[in-house]
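*Asks:* here are the coordinates; sequence isn't available:
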Ligand SMILES: Nc1ncnc2c1ncn2[C@@H]1O[C@H](COP(=O)(O)OP(=O)(O)O)[C@@H](O)[C@H]1O
Ligand SMILES: [Mg+2]
């Protein structure tokens, strides 16, 4: 089988490289495609994909990141070409599904509309709305709407600070996303799902309120029997979002005694999970994709 891996960087980052290695280890051929070099054409009776020359004899594709900090036209072009590719061969994750998850607001909205528990959240361009939300909730988390790795997320307790943050961002042409601050018991959960199964799950324990592994948290493996709720929520979340695999972040809040989905990552990292649980996601993702092609 010939499996493409789509990225935007010249040199594949470690997660992408590991997917390529897993493809080769399974006895398949890999081809590295750069998102900006992919073009598509609608002909009278077909859709064709080009990466320099016409792309033929590809059985499936693994999509990683197709670009950061793009203008909207380029973003739409890349997404559109990937949708064309997905009309011909299985692509995981499905490009349109990844679009929803890259946007924290739309991801949570979709989950909420499908009856999954998510924290109270606002998206706004109005400094007064930000201020009122902070006054009402007492403690809130500002997050970049397309962020990851915990970078840029800020805990805010002062309504004037959220007013000023939103006003400054508005002047830069950017919106604000705020969420009620959950009282976590010193950890949250990362649940890694592939297809219908949780392949590994861990508590991410930290002294900081941000429990990303990238922010220094420690992963401790958990079993479904001990703590079933994060497993159930993660499986439901990826189904609702139409993803084939994802890293789902779930938090328990002591104030409400409930679990909430914080976000769903369609391009998850896995070093932390592998270290904590011993599972190797790239192998499982590739096996899953191959079984999908054979169906
Ligand atoms: N509303 C919240 N209340 C308390 N902690 C939060 C909240 N949102 C996020 N966090 C903490 O910050 C981390 C990063 O937030 P997340 O929404 O997963 O964004 P990302 O990982 O993309 O930066 C979470 O893993 C969690 O530890
Ligand atoms: Mg996260």
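*Replies:* That came in fine, so what should we check first? This one's a predicted model, so the numbers in the text were calculated from it and none came from an experiment. Ligands and ions are numbered 1, 2, ... in the order given.

*Asks:* The lowest-mean-pLDDT helix or strand in the chain pairs with which strands, parallel or anti?
*Replies:* One helix or strand of the chain scores below all others by mean pLDDT, DSSP states H and E: strand 53-54, with a mean of 88. Strand pairing for strand 53-54, using DSSP bridges, gives strand 47-51 (antiparallel).

*Asks:* Quickly note the distance from the residue positioned nearest the centre of the chain to residue 146.
*Replies:* Centroid-nearest residue in the chain, with Cα atoms, centre = their mean: residue 265, separated by 1.8 Å. Noted for residue 265: a distance of 12 Å to residue 146, by Cβ to Cβ, to the nearest Å. Every C-beta, even on glycine, is put in place using the N, C-alpha and C of the backbone.

*Asks:* Check residue 158 too.
*Replies:* For residue 158 relative to residue 146 (Cβ to Cβ), the value is 25 Å.

*Asks:* what's around residue 259, how many residues?
*Replies:* Using other Cβ atoms under 10 Å, residue 259 is surrounded by 19 other residues.

*Asks:* and it, what does it touch?
*Replies:* 117, 229-230, 233, 250-253 (Cβ atoms under 8 Å, 6 or more residues apart in numbering).

*Asks:* Can you flag the buried ones in those?
*Replies:* 230, 233, 250-253 (16 or more other Cβ atoms under 10 Å).

*Asks:* Now residue 237. Its backbone dihedrals?
*Replies:* Residue 237 adopts backbone torsions of phi -60, psi -50, taken as degrees, to the nearest 10.

*Asks:* Ignore what I typed, I meant residue 247.
*Replies:* Dihedral angles for residue 247 - degrees, to the nearest 10 - are phi -110, psi 120.

*Asks:* Name whatever forms a beta bridge with it.
*Replies:* Going by DSSP bridges, residue 247 forms beta bridges with residue 192, residue 265.

*Asks:* Touching, it and residue 194? I think so.
*Replies:* No: shown here, residue 247 and residue 194 do not form a contact pair, counting by Cβ atoms under 8 Å, at 10.4 Å.

*Asks:* what do those two both touch?
*Replies:* Joint contacts of residue 247 and residue 194 (Cβ under 8 Å, 6+ apart) do not exist.

*Asks:* Give me the buried positions along stretch 163-179.
*Replies:* 163, 165-167, 169-170, 176-179.

*Asks:* residues touching the residue in the chain that ligand 2 sits nearest to, list them.
*Replies:* Residue nearest to ligand 2 within the chain: residue 249 (4.3 Å; Cβ to the ion). Residues near residue 249 by Cβ under 8 Å, 6+ apart: 188-190, 261-265.

*Asks:* Sitting in strands, which of those residues do you find?
*Replies:* The members of the contacts of residue 249 that map onto strands under DSSP state E are 188-190, 261-265.

*Asks:* Kindly report the domain assignment for this protein.
*Replies:* Domain ranges of the chain: 2-92, 121-180, 184-286, per automatic domain parsing.

*Asks:* Mind jotting down where the strands sit in the stretch 1-150 of the chain?
*Replies:* Assigned strands in the stretch 1-150 of the chain, in chain order: 2-7, 29-34, 38-42, 47-51, 53-54, 60-63, 91-92, 121-124, 140-142 (criterion: DSSP state E, counting those that start in this stretch).

*Asks:* which parts of the third one are buried?
*Replies:* Going back to what we said before, that points to strand 38-42. 38, 40.

*Asks:* nearest residue to the residue in the stretch 51-200 of the chain that ligand 1 sits nearest to other than its sequence neighbours?
*Replies:* Closest residue of the stretch 51-200 of the chain to ligand 1, Cβ to the nearest ligand atom: residue 182 (3.6 Å). Leaving aside its chain neighbours, residue 182 sits nearest to residue 253 (4.0 Å; criterion: Cβ to Cβ, 6 or more residues apart in numbering).

*Asks:* you'd agree the one you found is up against residue 261?
*Replies:* No: using Cβ under 8 Å, residue 253 is not in contact with residue 261; the gap is 11.8 Å.

*Asks:* could you dump the contacts of residue 249 to CSV with distance to ligand 1?
*Replies:* Shown next, in CSV, are the contacts of residue 249 (distance: Cβ to the nearest ligand atom, whole Å):
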residue, distance to ligand 1
188, 4
189, 9
190, 8
261, 10
262, 4
263, 4
264, 9
265, 7
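
*Asks:* still on that earlier bit, got a winner among the ones in strands among the contacts of residue 249 for most neighbours?
*Replies:* Highest count within those by other Cβ under 10 Å belongs to residue 190, 31 neighbours.
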